[in-house]
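*Asks:* output the structure for:
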Amino acid sequence: MSFNTKFKLSFMMFLEFFIWGGWFVTLGLFLGNNLGTNGAQDAAVFSTQSLGAIIAPFIIGLIADKYFNAERILGILHLIGAVLMYLMYTATDFESFYPYVFAYMVAYMPTLALVNSVSFNQMSNPEKEFGVIRVWGTIGWIVAGLVISLVFAWDSTENAAAGMLKYTFLMTCIASLVLGVYSFMLPKTPPKIAKGEKKSISEILGLDAFTLLKDRNYLVFFLSSVLICIPLAFYYQNASKFFGEIGMTNLTSKMALGQGSEVLFMLLLPIFFGKFGVKKTLLVGMLAWVVRYALFAFGNVGELSFMLLTGIALHGICYDFFFVSGQIYTDSKAGEKFKSAAQGMITLATYGVGMLIGFWVAGWAYDTYEMSDKVHDWKTIWLIPSGIAVLVALIFAVAFKQKKTTPVEA
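*Replies:* Below is the predicted model of the structure:
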């Protein structure tokens, strides 16, 4: 891969995840301070991500693998996203905000699979090359958090209470516009199926990738991906509210510590993946969720603040060793014609079905364990996803059989 191609793909990843990190990390705080939502309404808003992810494979399978270049679809979706993000910035209540965030997630979630498809299409050895490109997405997320917390301080107690977090949507609108235009300059990623080739209904809907589930190990991985995203949803939906409620300062920049660890573990991933194989890599990622939430449950902002910071820093292992490894594993299993659809399918499993369930469970826990007005039993709330992660890890460890082949194969 040439330096020019590496730069283009790296900047694409930077913008893709700057956009997501630029508003999603502080969404929980925004909803409570600006729109006065409860746990059920929070779950409804966060679940739009999952609904978008469920729709995504059908968009990817119908368009990216069959008719149009992936980079062009990526550009169009981000231009649409820029408009919707501006409308979210102008919203003043839950009823007006919800339709815009739902439409935005339908447009944004397919782009997660598209940036992977554009990247993988340029690689001859994804296990070694993908991490170096993908790490720039993590850097983009970190930069977004630093801008919010340290440059503008929109997440400070005073500014958040004053409704300043709405400016995160304006910042993201600008970034989406930039990526929308830039996408048309990316390496060409044409459809894998030739024009004029006959297509079945399952091909048109992008369902061919589901044939991967005939492989027993991949089925175990797929189901584990769904279940482990229930704990993941707790972090996305409740973490900023948790840290804000217990009095953590500069919380967005401190939460960016998790993405900082992602950079380190993204670079270590090819070494670990090559030495220990897919099963152990995925299992370590799942067990990290167990430890992380236990640290949140028993830590505080006083003498045990190191437990909270350690839990945040574990995000690198939690995310890279399971979700990025899963993307690489999926790419190795997919046939050449269905790489985009396969990435869309794993997006459905993780950010779709699993997190849809997880957001509602997290919303239920937030409302159920409210001890008084805006004060919660966070110890119990965090032990729930920790326990779920223990069960998923045990099931995966028993059911997934590592084959004695190359590390990525199983």
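*Asks:* quick one: the helices in the stretch 101-250 of the chain, in order.
*Replies:* Counting by DSSP state H, counting those that start in this stretch, residue ranges of the helices within the stretch 101-250 of the chain are 126-146, 157-161, 167-182, 201-204, 216-245.
*Asks:* do you know how far A40 is from F30?
*Replies:* In this structure, A40 lies at 17 Å from F30, with Cβ to Cβ, to the nearest Å as the measure. The C-beta positions use only the backbone N, C-alpha and C, and glycine is treated the same way.
*Asks:* the longest helix anywhere in the chain packs against which elements?
*Replies:* Assignment by DSSP state H gives helix 251-298 as the longest helix of the chain. Other helices and strands packing on helix 251-298, by 3 or more Cβ pairs under 8 Å, 6 or more residues apart in numbering; DSSP states H and E, are helix 126-146, helix 216-245, helix 305-313, helix 315-319, helix 325-333, helix 378-399.
*Asks:* what angle do helix 305-313 and that helix make with each other?
*Replies:* Between the axes of helix 251-298 and helix 305-313, defined by axes from the mean of the first three to the mean of the last three Cα atoms, to 10 degrees, the angle is 110 degrees.
*Asks:* quick one on the thing from earlier: least confident of the helices of the stretch 101-250 of the chain, on average?
*Replies:* Confidence, taken as mean pLDDT, is least for helix 201-204 of the helices of the stretch 101-250 of the chain (a mean of 59).
*Asks:* report the contact partners of F221.
*Replies:* L282, G326, Y329, F396, F400 (Cβ atoms under 8 Å, 6 or more residues apart in numbering).
*Asks:* once you drop chain neighbours, what's closest to the residue nearest to the spatial centre of the chain?
*Replies:* When Cα atoms, centre = their mean is applied to the chain, the residue found nearest the centroid is Y351 (6.5 Å). For Y351, the nearest residue in space outside its immediate sequence neighbours is A53; the separation is 3.8 Å by Cβ to Cβ, 6 or more residues apart in numbering.
*Asks:* which element is the one you found on?
*Replies:* Element membership for A53, per DSSP states H and E: helix 39-59.
*Asks:* quick one: that helix to chain centroid distance?
*Replies:* A distance of 12 Å separates the centroid of the chain from that of helix 39-59, by Cα atoms, centre = their mean, to the nearest Å.
*Asks:* that helix vs helix 216-245, what angle?
*Replies:* Using the same axes, to 10 degrees, the interaxial angle of helix 39-59 with respect to helix 216-245 works out to 140 degrees.
*Asks:* buried set for helix 39-59?
*Replies:* Counting neighbours by 16 or more other Cβ atoms under 10 Å, one finds that the buried residues in helix 39-59 are 39, 41-59.
*Asks:* could you pull up the mean pLDDT of it?
*Replies:* Averaged over helix 39-59, pLDDT sits at 85.
*Asks:* contacts for the very next helix or strand once past it?
*Replies:* Proceeding N to C from helix 39-59, the next assigned helix or strand is helix 70-90, under DSSP H and E. The set of residues that contact helix 70-90 without belonging to it, under Cβ under 8 Å, 6+ apart, is 19, 23, 63-64, 97, 100-101, 103-104, 107-108, 110-111, 114-115, 117-118, 121, 166-167, 169-170, 172-174, 176-177, 179-184, 186-189, 340.
*Asks:* now which of these would you call buried?
*Replies:* When the contacts of helix 70-90 are checked for burial by 16+ other Cβ under 10 Å, the buried set is 19, 23, 63-64, 97, 100-101, 103-104, 107-108, 110-111, 114-115, 117-118, 121, 166, 169, 172-173, 176-177, 179-180, 182-183, 186-187, 189, 340.
*Asks:* residues of stretch 137-148 that come out buried?
*Replies:* Taking 16+ other Cβ under 10 Å as the basis for neighbour counts, the residues of stretch 137-148 that come out buried are G137, T138, I139, G140, W141, I142, V143, A144, G145, L146, V147, I148.
*Asks:* quick one: those residues as a markdown table, columns for distance to G247 too.
*Replies:* Formatted as a markdown table, the entries for the buried residues of stretch 137-148 read as follows, by distance: Cβ to Cβ, whole Å:
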| residue | distance to G247 |
| --- | --- |
| G137 | 31 |
| T138 | 27 |
| I139 | 29 |
| G140 | 29 |
| W141 | 24 |
| I142 | 23 |
| V143 | 26 |
| A144 | 23 |
| G145 | 19 |
| L146 | 21 |
| V147 | 23 |
| I148 | 18 |
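*Asks:* name the nearest of those relative to F14.
*Replies:* G140 (3.9 Å; Cβ to Cβ).
*Asks:* the closest one against S10, yeah?
*Replies:* No - G140 lies out of contact with S10 (Cβ atoms under 8 Å); the separation is 9.6 Å.
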